[in-house]
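1. Kindly return the folded structure for what I paste below:
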Amino acid sequence: MRHTPPTRSPTPDAKRTCTEIPSDKAGPSTSSWTRHPVHYGKGIHLAPMVRSGTMPTRLLALEAGAELVWTPETVDRAIIGCERRVDPKTGVITYIKSHKPVLTLHPVERPRLIFQLGSANPDLAAEAAKIIYQDVAGIDLNCGCPKHFSVHAGMGAGLLLDPDKLCAILQAIRASIPPEVPVSCKIRMLPSQEDTLSLVRQIADTGTINCLTVHCRTPPMRDREPAMKHRLKDIVQSVGKKVVVVENGDCVGYESAQQILQQTTARAVMIARAAEANPTCFLPDGPKDAETYLIPRYVRLAKYLDHHWSNTKFCLAQFTSPDPHLGKHGRLEWKKAINGAKSYEELRLLWGKEAGFFEGGEEILAGIQHALRARGRSAPELGVLSTPGPALSQQSASSVIDPAPPDPILVREIQAVV
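-> Numbers count the residues shown, from 1 in each chain. You can find the predicted model right below:
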């Protein structure tokens, strides 16, 4: 995972400025919203990913069938002292400090959005949680990132070495926000299974969390090493029904998730790398083609939401397909255009497209909102500790609204360019 250093901020007592912009033409309402049960124990979730897990990726993952999506980790001091702004056209909510965005989100995703917090201090964690909880479905404490940035500051996997502090932070977060806002944490396994079981029992016994995500690798392990999923079943049994356990590690899609749920008895699964490569991987029939479907759609949505070009470009460069429609040569030409573009407009010109080719993001957003509302109506009424069972049900699969296939005219246009 990549990290950027936390922005220096005022003391924990710094006040948050909330800027609401009333307008008859504003996007979806941001002043108030109705909370619904958070379905930690259902389906497949989008993992927290620095740089990759930003707003357009999360929205398209939700459309494809992700039950919940996590924000990239945000350090407590970065969110404390932020100014909250709402775009009157799109509804985008931005937390800003020193004229730089710290976090952006959209009201459409808010009922399914989990904010991941990086902290090594109970007081700072509580202050940050009080600032952000109004705009998210739940708060998650990062206790698993092994990178030096986190560990040297006592955050991330560094908290695994100090379980008492870890639990104190969770207790501080829980005490600082309303009881209807759930709290969770994400850990890695310790080298010793006995030590891991002791840790998760201590966390569960605090009574503060609704969900525990377990990345089935130890802090020194890297992604190329297979996740130790065989160790998770004992962890699930050790916490019993106190906490929903979510598996993270080596899940690549819907079928893979079913196999992992059966093997581990976890209640849900989280996807990271496969979603970074293609956020439509949540679809039961597999991911959509990157060049003919995902990339044009992603650009249109990001441009409408005024998402920063540099992050859009980074995400586009990661996207791929198992069996690309345009072939190897077509993909290379497509990537070349993305790598060379310095703005949305420059990308359009490099692709040789007419003016307005990147319009339509508003309709895409409306379609995502419709899909989520339809899924909400068809989903069973589950509480934060409820679960439909170890396997993904057909009802869950049928509630996913499959995006439309690539436009054949668009495909021909793309092929003509590359």
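2. so where's the stretch 201-350 of the chain shaky on pLDDT?
-> Along the stretch 201-350 of the chain, no part satisfies pLDDT under 70.
3. quick one: which helix or strand includes T196?
-> helix 193-205 (DSSP states H and E).
4. Then L103?
-> L103 belongs to strand 100-105, assigned by DSSP H and E.
5. so what's A168 up against?
-> P122 (CB atoms under 8 Å, 6 or more residues apart in numbering). Using the backbone N, CA and C atoms, a C-beta is placed for each residue, glycine as well.
6. can you tell me how far it sits from S119?
-> 11 Å (CB to CB, to the nearest Å).
7. got any residues that touch both of these two?
-> With contacts defined as CB under 8 Å, 6+ apart, no residue is shared by A168 and S119.
8. Run through the residues that contact I132.
-> Here I132 is in contact with I79, Y95, L103, F115, L117, I139 (criterion: CB under 8 Å, 6+ apart).
9. next one: L199
-> L160, P163, I187, L190.
10. So the last one versus E73, what's the distance?
-> Looking back up the chat, that one is L190. From L190 to E73 the distance is 20 Å (CB to CB).
11. who has more neighbours, those two?
-> Using other CB atoms under 10 Å, the more surrounded residue of L190 and E73 is E73, with 28 against 18.
12. Distance check, the more buried one against I338.
-> Distance from E73 to I338, counting by CB to CB: 26 Å.
13. How about P279?
-> Distance from P279 to I338, by CB to CB: 16 Å.
14. again, but for A302
-> Computed with CB to CB, the distance linking A302 and I338 is 13 Å.
15. Kindly report the same for R273.
-> 20 Å.
16. out of these two, which sits in the busier spot?
-> I338 (19 against 16).
17. show me what contacts that one?
-> I295, K313, L316, A317, L347.
18. before we move on, back to that, run the chain-centre distance for the very next helix or strand once past the helix holding T196.
-> As assigned by DSSP H and E, the chain's next helix or strand after helix 193-205 is strand 211-215. The chain centre lies 14 Å from the centre of strand 211-215; the measure is CA atoms, centre = their mean, to the nearest Å.
19. what sits up against strand 211-215?
-> Contacts of strand 211-215 (CB under 8 Å, 6+ apart): 40-41, 138, 140, 144, 182, 184-189, 200, 203-204, 227, 232, 235, 239, 243-249, 266, 270, 384.
20. So which of those residues are in strands?
-> 138, 140, 184-188, 244-248, 270 (DSSP state E).
21. quick check, nearest of the contacts of I132 to T218?
-> Each of the contacts of I132 was checked against T218 using CB to CB; the closest is L117, at 22.4 Å.
22. What is the burial count for that closest one?
-> 27.
23. isn't it right next to C143, touching?
-> No: judged on CB atoms under 8 Å, L117 makes no contact with C143 at a distance of 10.3 Å.
24. Most neighbours out of the contacts of L199, which is it?
-> I187 (25 neighbours).
25. what number of residues lie near the closest residue to it other than its chain neighbours?
-> Among residues not flanking I187 along the chain, C143 sits closest, at 4.5 Å (CB to CB, 6 or more residues apart in numbering). For C143, the count of nearby residues is 27 (other CB under 10 Å).
26. Can you give me every residue that contacts C143?
-> G156, A157, L159, L160, L166, C185, K186, I187, R188.
27. The same query, at a cut-off of 7 Å, please.
-> G156, L159, L160, L166, C185, K186, I187 (CB atoms under 7 Å, 6 or more residues apart in numbering).
28. I only care about those residues that end up buried; give me the ChimeraX line for that.
-> To isolate the buried members of those in ChimeraX, using 16 or more other CB atoms under 10 Å:
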select :156,159,160,166,185,186,187
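29. Could you dump the contacts of C143 into CSV with distance to P56 and pLDDT added?
-> Putting those into CSV (distance: CB to CB, whole Å; pLDDT from 0 to 100) gives the following:
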residue, distance to P56, pLDDT
G156, 25, 93
L159, 30, 97
L160, 32, 96
L166, 32, 98
C185, 26, 98
K186, 23, 98
I187, 28, 98
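30. packing partners for the longest helix anywhere in the chain?
-> Longest among the helix segments of the chain by residue count, using DSSP state H, is helix 361-378. Where contact means 3 or more CB pairs under 7 Å, 6 or more residues apart in numbering; DSSP states H and E, helix 361-378 is packed against helix 55-64, helix 295-304.
31. now the angle between helix 55-64 and the next helix or strand after the last one, please.
-> Pointing back at helix 295-304 there. Remark: after helix 295-304, the chain's next helix or strand is helix 309-318, criterion DSSP H and E. Inter-element angle recorded for helix 309-318 and helix 55-64: 50 degrees (by axes from the mean of the first three to the mean of the last three CA atoms, to 10 degrees).
32. Could I get the CA-only coordinates of the helix or strand following helix 309-318 as CSV?
-> Downstream of helix 309-318, the first helix or strand assigned by DSSP H and E is helix 327-340. Listed next in CSV are the C-alpha coordinates belonging to helix 327-340 (Å, rounded to 0.1, in the frame of the first residue of the first chain):
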residue,chain,number,x,y,z
GLY,A,327,-6.0,-7.6,-28.0
LYS,A,328,-2.5,-6.9,-26.8
HIS,A,329,-1.7,-4.3,-29.4
GLY,A,330,-4.9,-2.4,-28.8
ARG,A,331,-4.3,-2.4,-25.0
LEU,A,332,-0.7,-1.0,-25.5
GLU,A,333,-2.0,1.9,-27.7
TRP,A,334,-4.8,2.6,-25.1
LYS,A,335,-2.2,2.7,-22.3
LYS,A,336,0.1,4.9,-24.3
ALA,A,337,-2.7,7.5,-24.6
ILE,A,338,-3.5,7.4,-20.9
ASN,A,339,0.1,7.7,-19.9
GLY,A,340,0.7,10.7,-22.2
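33. Between helix 327-340 and the helix or strand just after helix 327-340, find me the angle.
-> Later in the chain than helix 327-340, the nearest helix or strand by DSSP H and E is helix 344-351. Angle between the axes of helix 344-351 and helix 327-340 is 140 degrees (criterion: the same axes, to 10 degrees).
34. C-alpha coordinates for helix 344-351, PDB please?
-> Once non-C-alpha atoms are left out, helix 344-351 reads as follows in PDB (Å, rounded to 0.1, in the frame of the first residue of the first chain):
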ATOM      1  CA  TYR A 344      -9.300  14.900 -19.400                       C
ATOM      2  CA  GLU A 345      -9.300  17.100 -22.500                       C
ATOM      3  CA  GLU A 346      -5.900  15.900 -23.600                       C
ATOM      4  CA  LEU A 347      -6.900  12.300 -23.200                       C
ATOM      5  CA  ARG A 348      -9.900  13.000 -25.500                       C
ATOM      6  CA  LEU A 349      -7.700  14.500 -28.100                       C
ATOM      7  CA  LEU A 350      -5.200  11.600 -27.900                       C
ATOM      8  CA  TRP A 351      -8.000   9.200 -28.500                       C
END
